[in-house]
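Colleague: Okay, here's the prediction I keep looking at, along with the sequence it came from:
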Amino acid sequence: MSVPKDLDLVFDFEKPSDQDSAAALQDATNYIRALNHGITKQDPNDPAFQFYSSGQASQYAHSQIKEYVDGGWTLTGRDRYYDAEISPGDESEKVKTVSVTFCEDQSKVFGKEVKSEKVHRTKESLASYQKFTLLMTSVKDNPVWRAQQVTVEGKAEACRR
């Protein structure tokens, strides 16, 4: 799953030693990559995000992509994700959960008009920083972790550094 060359997705994460945490973090990055893939492909029904999400997280991705498509926008620049924290959650006989939290620095990623390709540059501000919390779930015997719920805190002071 790739994005255009003018969009650089940077995941500045250390790989956890725990196998489940590492897999959940990897697929959390795949969810974010899939969300950006849908935006740049201009497809609110892109199968990539659907593969890496379910429930509310799937609805969130669809609505975000649709907002870009309806507005005639895509993304360009460097979008950086960092400071990942992983908290193992509940585990039943069938399902495991892990909470993945990380920051996003959008100060170098910009909106681009699809038709004219005009880039709208913005200055770095508190609004450039977001904090994501994804509840990742895995059905036993399936190696894929899917985002089940996503919460995004805008103007995340804790992420500004």
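Modeller: Cool, got the structure.

Colleague: Setting aside sequence neighbours, what's the nearest residue to K94?
Modeller: Spatial nearest neighbour of K94, chain neighbours left out: K140 (5.5 Å); criterion: Cβ to Cβ, 6 or more residues apart in numbering. C-beta: built from backbone N, CA, C; applies to glycine.

Colleague: give me every residue that touches that neighbour.
Modeller: By Cβ atoms under 8 Å, 6 or more residues apart in numbering, K140 lies in contact with E93, K94, V95, K96.

Colleague: Tell me the secondary structure at the closest residue to A22 other than its chain neighbours.
Modeller: Take A22 and drop its neighbours on the chain: the residue closest to it by Cβ to Cβ, 6+ apart is P16, 4.8 Å away. When classified by DSSP: H, G, I helix; E, B strand; the rest coil, P16 comes out as coil.

Colleague: So P16 versus V144, what's the distance?
Modeller: For P16, the distance to V144 equals 17 Å [Cβ to Cβ, to the nearest Å].

Colleague: cool, and E117?
Modeller: According to Cβ to Cβ, E117 stands 35 Å off from V144.

Colleague: which one of these two has more residues nearby?
Modeller: V144 (14 against 10; other Cβ atoms under 10 Å).

Colleague: Now for D141, how many residues are close by?
Modeller: 6.

Colleague: What of A22?
Modeller: Using other Cβ under 10 Å, A22 is surrounded by 16 other residues.

Colleague: Same check on C159?
Modeller: Applying other Cβ under 10 Å, we find 20 residues neighbouring C159.

Colleague: just V150 next, same as before
Modeller: As a burial measure, V150 scores 24 neighbours (other Cβ under 10 Å).

Colleague: Look up how far F11 lies from the residue nearest to the spatial centre of the chain.
Modeller: Central residue of the chain (Cα atoms, centre = their mean): I32, 2.3 Å from the mean position. Per Cβ to Cβ, I32 is found 8 Å from F11.

Colleague: CA atoms of the host helix or strand of L9 as PDB?
Modeller: Using DSSP states H and E, L9 falls within strand 7-12. Once non-C-alpha atoms are left out, strand 7-12 reads as follows in PDB (Å, rounded to 0.1, in the frame of the first residue of the first chain):
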ATOM      1  CA  LEU A   7       3.700  12.500   0.700                       C
ATOM      2  CA  ASP A   8       6.200  11.200   3.100                       C
ATOM      3  CA  LEU A   9       4.700   9.200   6.100                       C
ATOM      4  CA  VAL A  10       7.300   9.000   8.800                       C
ATOM      5  CA  PHE A  11       6.700   6.500  11.700                       C
ATOM      6  CA  ASP A  12       9.400   7.300  14.300                       C
END
